[in-house]
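Engineer: Mind looking at a prediction? Sequence and model below.
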Amino acid sequence: MKKTKLGEFEELVLLTVIVLQEEAYGVMIKKELEERLQESLSVGSIQSALKRMEEKGFLKSTFGEATARRGGKRKRIYMATPHAQEVLEEIKAIRTGLWTSIIKLNLQ
């Protein structure tokens, strides 16, 4: 695995960004994660994870259009970088290998 690692929460946020695609902005990320985890999350925890991952090169962000509904404020929309996708594939391969090993051990 590369030197830059993802924590469990960062991994979940990153996967959520990928799932949401062009709808990957703070409020929607929070809502999607809360539904999947079945627990409440703070906006701050999401924003902190997004900022950290952008600084690490896992995410890029752009501003969407300003809307009257948001009082003229623009959404910051996040997208995963190719580096993030490579790291997620590495994590998935490691986890799959470990689960496969556990299953083999339990069958013996």
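Structural biologist: Perfect, thanks for sending it. Numbering: from 1, shown residues only.
Engineer: Which stretches in the chain count as helices?
Structural biologist: With helices called from DSSP state H, the chain shows them at 8-20, 26-37, 43-56, 82-107.
Engineer: Out of those, flag the one nearest G64.
Structural biologist: helix 26-37 (11.3 Å; C-beta to C-beta). Bear in mind the C-beta positions are built from the backbone N, C-alpha and C, glycine included.
Engineer: thinking again about what came up before, quick one, which of the helices of the chain is nearest to T67?
Structural biologist: helix 26-37 (12.7 Å).
Engineer: ok, back up a step: want to throw the helices of the chain into a markdown table with distance to F63?
Structural biologist: Converted to a markdown table, these look like this (distance: least, C-beta to C-beta, whole Å):
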| stretch | distance to F63 |
| --- | --- |
| helix 8-20 | 16 |
| helix 26-37 | 12 |
| helix 43-56 | 13 |
| helix 82-107 | 20 |
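Engineer: Of these, which shows the lowest average pLDDT?
Structural biologist: Ranked by mean pLDDT, the helices of the chain bottom out at helix 82-107, which scores a mean of 88.
Engineer: Buried ones in stretch 33-52, by neighbour count?
Structural biologist: L33, L41, I46, A49, L50, R52 (16 or more other C-beta atoms under 10 Å).
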